[in-house]
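Asker: Return a 3D structure for these sequence lines:
(one chain, ligands or ions: 1)
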Amino acid sequence: MRGWMKLRDRLDREGMYERIRDLPDQIGDALRAFPDGAVPEGPFRNAAILGMGGSAIGGEIVRAAAGNAAAVPIQSIRGYAAPGWCGPGTLAVAVSYSGNTEETLSAAAEAADRGAAIAVVSSGGALAEYAERRGFFRVDVPGGFPPRAAIGWLTVAPLLLLEKAGILTGGARSMDGARRALEKLRPGYAGDEGAERCEPARLAESLLGTFPVIYHAAGETEPAAIRWCGQFAENAKTFSHRASFPELNHNEIVGWSRPEELFSLTSLILFRGDGDPPRVREGMEAAVEMIRGRAARFLPVRMSGADALERIFRAVYLGDFVSYYLALAGGVDPTPVERIVALKAKLSGNGGLSRSAGEGGER
Ligand code: F6R
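Answerer: Numbering: from 1, shown residues only. Prediction:
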């Protein structure tokens, strides 16, 4: 994408470029800053990671990276209610960057009432006050980020909490491996090696003016696909869709017929992950063979790396940059999320638990 630096100077008024580029440093800071104090004591029967939007993605990543190796079930909860199995023997980690998200406050209070052990991750707000009052374990993260740009902080905190609580192992080591992998990718993705060698800028150019549809295998590629869709929406103000194999081979695949006009606008992005189970991969390739000719563009993306966490973070880093360049190519400032702010303001005026959306770095 020629001339992208000029576009950056004109459009990126709040420094999203640096936020995205510096993710490896953020991960390093978060690993070093994790508090020393005693984490809630187990043994635990299960773990719930509570949060919404940019504060939920870290929990999704931790759940997917732990996969089948976790000692107990780990669930990511996005909503007002704590699930029925939440109670004594549960570690509930409430993550809200602003600390003022009403769904997370409500789910945390419900989990606490039912006897779950609670830990809180936030940059302040009502959640931090609540944790202070109740004496819950707290991980304070620095303020001033748009929540989605604090993904390093918001993944490392629940990961280390679960590791220290004995629910998973090797989290810190693996996260540091991911950090080193991202450092190597940084110059190319950040455009330092020229526009032609910048993979995310090239992908963004292909996507411009199209409807991105991400297909991926269920499992570890899922949080990366969730993140790509979230970042397409929030950074590039672009509507997208995702679905996973093998499930989509049992329904959605048939829908690739109508409306015809839609497919001439569709970019089919296929995540091929090194961790995809072989039989799922076979079904995925067979399905894609059937439909790829209908899409305007077919864009395969490889997810490789030493372990699941590294693979996920490499894909997240790529997707964050793709959404960023797509924002610039589309002529929009990547940072503002006006509809989210307006919705939070409206709901807080209606007696909700949420404080002003302007608090805690949301813009
Ligand atoms: C904004 C963003 C949103 C927020 C979400 C929850 O950058 O990504 O998805 O993360 O509205 O707010 P917090 O993170 O403050 O709990």
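
Asker: Residues in contact with the helix or strand where residue 133 lies: which ones?
Answerer: Assigned by DSSP states H and E, residue 133 belongs to helix 125-134. For helix 125-134, contacts defined as Cβ atoms under 8 Å, 6 or more residues apart in numbering pick out 94, 96, 98-101, 104-105, 108-109, 112, 118, 120, 122, 136-138, 140, 353, 355, 359-360. Using the backbone N, CA and C atoms, a C-beta is placed for each residue, glycine as well.

Asker: quick one: the closest residue to the ligand within the stretch 51-200 of the chain from residue 317, how far?
Answerer: For the stretch 51-200 of the chain, the residue positioned closest to the ligand under Cβ to the nearest ligand atom is residue 53, at a distance of 2.1 Å. From residue 53 over to residue 317 the distance is 19 Å, taken as Cβ to Cβ, to the nearest Å.

Asker: neighbour-wise, which of these two wins?
Answerer: residue 317 (24 against 20; other Cβ atoms under 10 Å).

Asker: okay but that one is in contact with residue 185, surely?
Answerer: Yes: counting by Cβ atoms under 8 Å, residue 317 touches residue 185, with 6.1 Å between them.

Asker: Please determine how far the residue of the stretch 51-200 of the chain closest to the ligand is located from residue 132.
Answerer: Distance from residue 53 to residue 132, by Cβ to Cβ: 24 Å.

Asker: Equivalent analysis for residue 231, please.
Answerer: Distance, residue 231 to residue 132, using Cβ to Cβ: 32 Å.

Asker: Please apply the same query to residue 67.
Answerer: Residue 67 is 34 Å from residue 132, by Cβ to Cβ.

Asker: more crowded one of the two?
Answerer: residue 67 (14 against 11).

Asker: for the more buried one, what are its contacts?
Answerer: Contacts of residue 67 by Cβ under 8 Å, 6+ apart are 219, 220, 308.

Asker: ok, then the element right after the helix holding residue 133?
Answerer: Next along the chain from helix 125-134, counting by DSSP H and E, comes strand 137-140.

Asker: what's the nearest residue to residue 174 once chain neighbours are set aside in contact with, if anything?
Answerer: When the adjacent residues along the chain are set aside, residue 174 lies closest to residue 309, with 4.5 Å between them (Cβ to Cβ, 6 or more residues apart in numbering). Residues in contact with residue 309 (Cβ under 8 Å, 6+ apart) are 61, 65, 171, 174, 175, 177, 178.

Asker: right, and the secondary structure at the closest residue to residue 148 other than its chain neighbours would be what?
Answerer: Leaving out its chain neighbours, the residue that sits closest to residue 148 by Cβ to Cβ, 6+ apart is residue 54, at 3.2 Å. Under DSSP: H, G, I helix; E, B strand; the rest coil, residue 54 falls in the helix class.

Asker: Residue 54 contacts residue 154, correct?
Answerer: Yes: the pair residue 54 and residue 154 qualifies as a contact (Cβ under 8 Å) at a distance of 7.2 Å.

Asker: which residues are in contact with both of these two?
Answerer: In contact with both residue 54 and residue 154: 97, 147, using Cβ under 8 Å, 6+ apart.

Asker: In terms of neighbours, single out the busier of the two.
Answerer: residue 154 (33 against 27).

Asker: Need the per-residue pLDDT for the more buried one.
Answerer: Per-residue pLDDT puts residue 154 at 98.

Asker: what residue is smack in the middle of this protein?
Answerer: residue 57 (3.4 Å; Cα atoms, centre = their mean).

Asker: any idea of the pLDDT on the residue nearest to that one when sequence neighbours are not counted?
Answerer: If you skip the residues right next to it in sequence, residue 57 has residue 227 as its closest partner in space, 5.5 Å away by Cβ to Cβ, 6+ apart. pLDDT for residue 227: 98.

Asker: Those residues of this protein touching the ligand, which are they?
Answerer: For the chain, the contact set with the ligand under Cβ under 6 Å from any ligand atom comprises 52-55, 96-98, 101, 104, 146-148, 234, 337, 340, 360, 362.

Asker: which stretches of the chain have low pLDDT?
Answerer: For the chain, residues meeting the criterion pLDDT under 70 lie at 1, 350-363.

Asker: and with 80 instead?
Answerer: 1-2, 38, 349-363 (pLDDT under 80).

Asker: now the strands: where do they sit in the stretch 251-363 of the chain?
Answerer: 266-273, 297-303 (DSSP state E, counting those that start in this stretch).

Asker: gap between the two ends of stretch 115-126?
Answerer: 20 Å (Cα to Cα, to the nearest Å).

Asker: and what of stretch 326-342?
Answerer: With Cα to Cα as the measure, stretch 326-342 spans 24 Å from end to end.

Asker: again, but for stretch 262-270
Answerer: End to end - Cα to Cα - stretch 262-270 spans 18 Å.

Asker: The residue lying closest to residue 44 once chain neighbours are set aside: neighbour count?
Answerer: Spatial nearest neighbour of residue 44, chain neighbours left out: residue 91 (4.7 Å); criterion: Cβ to Cβ, 6+ apart. Neighbours of residue 91 under the rule other Cβ under 10 Å: 30.

Asker: Sheet-wise, list the partners of the strand or helix carrying residue 91 with their directions.
Answerer: For residue 91, the host element (DSSP H and E) is strand 90-96. Strand pairing for strand 90-96, using DSSP bridges, gives strand 46-50 (parallel), strand 117-122 (parallel).

Asker: and those as TSV, adding mean neighbour count?
Answerer: Output for the strands paired with strand 90-96, formatted as TSV (neighbours: other Cβ atoms under 10 Å):
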stretch	mean neighbour count
strand 46-50	28
strand 117-122	27
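
Asker: Thanks a lot, see you next time.
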